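Visitor: A predicted structure for the sequence below; I have some questions about it.
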Amino acid sequence: MRLMVRIAQMYYRLHLSQEQIGERLGLSRFRVGRLLDRALEEEIVRIEIVHPAARLVDLEDALVGRFGLEAAAVVDVPATAAGADADDLARDAVAVAAAELLAKRRPTGTIAVSWGRTMLAVARRLEPGWTEATEIVQLNGASSRSAQPTRANEILERFAATSGAEFLLLNAPAIVGTPQLRAALMHDPAIRETIDAARSAPTAVFGLGIPAADSPHLESGFVSEDEQAHLRSLGAAGDVIGRFLRADGSVAWPELDARTIGLSLADLKAKHLRLGVAAGTGRGPIALASIRAGALNALACDDATADWVLAHG
């Protein structure tokens, strides 16, 4: 036992090679290797991957197997921060995983994308040449009603710049005041062109939001505080491309949904690859609701979100 501990210290702390350890202790390289293996088996040595981008393959496999997903990417986010700092850490780590998943799948043709803080993080993590897509199109309205920008343009431009694709904006708010106004805007030629392009896209990438105090929908003036409170009273777990869902995957507030500009959930569910990106506190319920609704078939998320989904699904 003492020899095993000594060898482990020399190998992992002093960074000596197995050959160097063998020379110093008068042992064969083979025996040094066997003792190092035994040190791991008996948990004298434990190896942990603590980088924020570290992937948790067991959780990924569990999500794919349990819910029949096409793919999952789960990252380990160490509990080293709290509040907004923790959410920022989770968002950046998940964005890396989402960008890697997209690069691995290499979607082609048209890719439809949403907006929000998580999507901005994903856009910033895309490497040049990650896809051979020909067009990037906006999934849902984002023209802000307040001084707080949605940065949808920046997201689309980054997706386009790293892929060499053209991009098509949806110049409309996410939610308007009446169903009649929504219907009129949806008939506008420019808006209809973008919606038609988003509908035909085989791939969609979108963030999963929650009705919280810092919600982009609230900050950008698309919903009021009273409407947010009403959404919560109706059991809204969060939103997918501006469509607020209950835990069972149903639309939480049909009247609000009728005022929402963008692709419908039915059109979203018809896509070949539907990557939902969830990062930060409280995203488990909307991730599970999105799975139940059929809104996504691929999920990139942090370990806390994955744990919640598996525990409640």
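Guide: Alright, I've got the coordinates.
Visitor: mind giving me the domain ranges of the chain?
Guide: Using automatic domain parsing, the domain ranges for the chain come out as 2-41, 57-312.
Visitor: distance between the longest one and the chain's centre?
Guide: The chain centroid and the centroid of domain 57-312 are separated by 8 Å, computed with CA atoms, centre = their mean, to the nearest Å.
Visitor: and if you look at the shortest one?
Guide: Going by CA atoms, centre = their mean, the spacing between the C-alpha centre of domain 2-41 and its chain's C-alpha centre is 42 Å.
Visitor: show me what counts as buried in it.
Guide: For domain 2-41, the neighbour count (16 or more other CB atoms under 10 Å) marks 4, 7-8, 10-11, 16, 18, 21-22, 27, 32-33, 35-36, 39 as buried. Where you see a C-beta, it was placed from the backbone N, CA and C, and this is true even at glycine.
Visitor: and stretch 60-73, by the same measure?
Guide: So for stretch 60-73, counting by 16+ other CB under 10 Å, buried means 60, 62, 63, 64, 67, 69, 71, 72, 73.
Visitor: find the nearest non-adjacent residue to residue 172, please.
Guide: Nearest in space to residue 172, with sequence neighbours left out and distances taken as CB to CB, 6 or more residues apart in numbering, is residue 141 at 4.0 Å.
Visitor: what's the burial count for the one you found?
Guide: Neighbours of residue 141 under the rule other CB atoms under 10 Å: 26.
Visitor: got the contact list for it?
Guide: 170, 172, 173, 174, 175, 242, 260, 261, 262 (CB atoms under 8 Å, 6 or more residues apart in numbering).
Visitor: also residue 227?
Guide: Counted by CB under 8 Å, 6+ apart, residue 227 has contacts residue 256.
Visitor: next one: the one 10 residues further on
Guide: Remark: with contacts taken as CB under 8 Å, 6+ apart, residue 237 is in contact with 210, 245, 246, 247, 252, 285, 286, 288, 289.
Visitor: just checking, the fourth one touches residue 291?
Guide: No. With contact defined as CB atoms under 8 Å, residue 247 does not count as touching residue 291 (10.9 Å).
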